[in-house]
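Trainee: okay, here's the prediction I keep looking at, along with the sequence it came from:
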Amino acid sequence: MLPILVENVVYHHINNSLLEKKKKFIEHLNQEEINDFIENQDDSTQTFSEFSTLHSEFLVLSKMPIKPHQKKTTFTNEYRKIENEESEYRILQHHFTYEGQDYQLEIGSSLSEVNDLTFVIKLFIIIVFVVILFITFLADTFYIEYLLKPFYKIIDTKIRRVNEPEMFDHTPIKAASRDFRELDFVLNQMMDRIAEVFKKEKQFISNVSHELLTPIALLKNKLENLLQNESLDDNAVDKIAGSLKTLDMLKKIINNLLLISRIDNNQYELNEEINLREIVSDLQEDLQDRIDDKEIQFQNRMQNTFVFTGNKTLIHILIYNLVTNAIKYNKPQGKIIVEDGYDDNHYFILVKDSGIGMDESQLEKIFSRFTRISYDQEGQGLGLAIAKSIASFHHIEITVESELGEGTSFKLRFQNHN
């Protein structure tokens, strides 16, 4: 709008100047001057030179009847030719009557210099505007980035990196803005409430699981005593044996839930040196009978001696669950490959099998509790949930890749190495 405003100001100034000249001309007007002025217009050398010999201004007075509803004074921009030189003028046209005769007075002011000056002013304004806009953009960008720095820090440290309430960082964020300090305070309060709910839930599961073991043990003891009764027929013995099998399965489920609960409640110590190569070798010996039953080829390709601090029992359970899972869902005469290496300076173990594999829908819930890949196999669907809890407890990243009918591979990626 500034260039338009400049143009309007310039035209307003010229209009006032023309009105002032018109006023002076009309005030000193008499019939003798009018006749003399009109006669002089017949002389080509005097036609447009009444005000300036540099053609910057002109004055023309002519007899012209006034039309009905015609404006008395108007302003226009027109091109006029003065002594074979054409220029654009700002022209005031004024109609008046003097002693019964209608006249038209035209006073023109050249726009050539004004247009040049206006163009320079417009160009200057545009350049200044672009420079100010650019500087403002840069200033706002850096200022907004500085202003929102506490916000991004809150997002990064207190939301994005937090997977569990226990890992939440309650350290107050330093911020000049009261709004960000209030946001940080509210987040801390919210996570405290969530952590308390999680703690109560874990404690409830632990208590319930522990309390269920006692009645199960009593029932199992009574059923085992019943089996000693020689008066029972074969049908009753089969029913009691089935009930004992169900109680054993229920006990196993409860023990697994207790294990998960204890892991989640950090009830295990991480103070043992663990050699993963030794654990895999021991597992191969322990599971050799099951491997031979399915005629599976087990290949231990571990080449690195990786030792870290953790809980040896839990790590043994973690690797055991992955290997038994590979045995359970493998094909007859299939393969299981355990290998290790380093990925971006992080040690990893890979457990691969040539089993039935999984589709995308199964992969999404593979680590959920009571999820089973195939209902044709025995199990409660807690093995991989336990593996996930143990991995999280040791800050181990566990990932899975699988292709239906081709096999599955589990990767354990450790955060540090010795």
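Mentor: Okay, I see it.
Trainee: alpha carbons only for contacts and neighbour counts from here, please
Mentor: Will do.
Trainee: what sits up against whatever helix or strand I390 lives in?
Mentor: I390 belongs to helix 383-393 when elements are defined using DSSP states H and E. By Cα atoms under 8 Å, 6 or more residues apart in numbering, the residues outside helix 383-393 that reach it are 256, 259-260, 263-264, 266, 314-315, 317-319, 321-322, 325, 366-369, 397-398, 412.
Trainee: which SSE is immediately downstream of that helix?
Mentor: Next helix or strand after helix 383-393 toward the C-terminus (DSSP H and E): strand 396-403.
Trainee: quick one: low-confidence parts of the stretch 301-418 of the chain?
Mentor: For the stretch 301-418 of the chain, the stretches with pLDDT under 70 are 371-380, 416-418.
Trainee: where do the strands of it begin and end?
Mentor: Remark: strands assigned in the stretch 301-418 of the chain by DSSP state E, counting those that start in this stretch are 307-310, 335-343, 346-353, 396-403, 407-414.
Trainee: quick one: those strands as JSON lines, columns for mean neighbour count and distance to S281 too.
Mentor: Output for those, formatted as JSON lines (neighbours: other Cα atoms under 10 Å; distance: least, Cα to Cα, whole Å):
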{"stretch": "strand 307-310", "mean neighbour count": "16", "distance to S281": "14"}
{"stretch": "strand 335-343", "mean neighbour count": "18", "distance to S281": "10"}
{"stretch": "strand 346-353", "mean neighbour count": "20", "distance to S281": "13"}
{"stretch": "strand 396-403", "mean neighbour count": "16", "distance to S281": "21"}
{"stretch": "strand 407-414", "mean neighbour count": "21", "distance to S281": "17"}
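Trainee: tell me how the protein divides into domains.
Mentor: 2-117, 178-264, 272-414 (automatic domain parsing).
Trainee: what's the offset of the helix or strand where D289 lies from the middle of its chain?
Mentor: Element membership of D289, judged by DSSP H and E, is helix 288-293. Counting by Cα atoms, centre = their mean, to the nearest Å, helix 288-293 is centred 50 Å from the centre of its parent chain.
Trainee: in that helix, what's buried?
Mentor: Buried positions in helix 288-293, judged by neighbour count with 16 or more other Cα atoms under 10 Å: I291.
Trainee: ok, stretch 318-336 next?
Mentor: Neighbour count says stretch 318-336 has 318-331, 334-336 buried, by 16+ other Cα under 10 Å.
Trainee: please apply the same query to stretch 84-91.
Mentor: S87, E88, Y89, R90, I91.
Trainee: now do stretch 75-86
Mentor: F75, R80.
Trainee: which residues sit against that stretch?
Mentor: Outside stretch 75-86, the residues touching it (Cα under 8 Å, 6+ apart) are N15, F48, H55, S87, E88, Y89, R90, I91, L92, Q93.
Trainee: these in helices, which ones?
Mentor: Taking DSSP state H, the ones among the contacts of stretch 75-86 that sit in helices are N15.
Trainee: looking at the contacts of stretch 75-86, which is nearest P68?
Mentor: Nearest to P68, judged by Cα to Cα, of the contacts of stretch 75-86 is Q93 at 15.9 Å.
Trainee: pLDDT score for the closest residue in space to T73 that isn't next to it in sequence?
Mentor: Spatial nearest neighbour of T73, excluding adjacent residues (Cα to Cα, 6 or more residues apart in numbering): H94 at 4.5 Å. At H94, the model reports a pLDDT of 91.
Trainee: and for H94, the neighbour number?
Mentor: Residues lying near H94 (other Cα atoms under 10 Å) number 18.
Trainee: just to check, it is in contact with K72?
Mentor: Yes: the pair H94 and K72 passes the contact test of Cα atoms under 8 Å, sitting 5.7 Å apart.
Trainee: for the residue nearest to T73, give its distance to N115.
Mentor: 24 Å (Cα to Cα, to the nearest Å).
Trainee: re the thing from before, show me the contacts for the residue nearest to T73.
Mentor: Going by Cα under 8 Å, 6+ apart, H94 touches K72, T73, T74, Q104, L105, E106.
Trainee: narrow the residues you listed to just the buried residues.
Mentor: Q104, L105, E106.
Trainee: now A139: how far from D116?
Mentor: In terms of Cα to Cα, A139 sits 34 Å off from D116.
Trainee: next one: M190
Mentor: Noted for M190: a distance of 67 Å to D116, by Cα to Cα.
Trainee: show me the shaky parts of this protein.
Mentor: When residues are selected by pLDDT under 70, those of the chain lie in 39-55, 83, 161-167, 371-380, 416-418.
Trainee: what strands flank the longest strand anywhere in it, and is each parallel or antiparallel?
Mentor: Secondary structure of the chain per DSSP state E: the longest strand is strand 85-98. Note on strand 85-98: by DSSP bridges, its sheet partners are strand 73-82 (antiparallel), strand 101-110 (antiparallel).
Trainee: in JSON lines: those strands, plus distance to L2.
Mentor: What follows is the strands paired with strand 85-98, written out as JSON lines (distance: least, Cα to Cα, whole Å):
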{"stretch": "strand 73-82", "distance to L2": "21"}
{"stretch": "strand 101-110", "distance to L2": "23"}
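Trainee: between the ones you listed, which gets nearest to S243?
Mentor: Of all these, strand 73-82 sits nearest to S243, with 108.6 Å by Cα to Cα.
Trainee: so how far is the strand or helix carrying D184 off the chain centroid?
Mentor: Assigning secondary structure by DSSP H and E places D184 in helix 178-227. Put simply, helix 178-227 sits 34 Å off its chain's centre (Cα atoms, centre = their mean).
Trainee: rewinding a little: dump the helix holding I390 to CSV, restricted to CA.
Mentor: Extracted in CSV, the C-alpha atoms of helix 383-393 (Å, rounded to 0.1, in the frame of the first residue of the first chain):
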residue,chain,number,x,y,z
GLY,A,383,7.3,-66.6,26.5
LEU,A,384,8.0,-63.6,24.2
ALA,A,385,6.3,-61.2,26.7
ILE,A,386,8.8,-62.4,29.3
ALA,A,387,11.6,-62.0,26.8
LYS,A,388,10.5,-58.4,26.1
SER,A,389,10.3,-57.5,29.8
ILE,A,390,13.8,-59.0,30.5
ALA,A,391,15.2,-57.1,27.5
SER,A,392,13.7,-53.8,28.6
PHE,A,393,15.0,-54.4,32.2
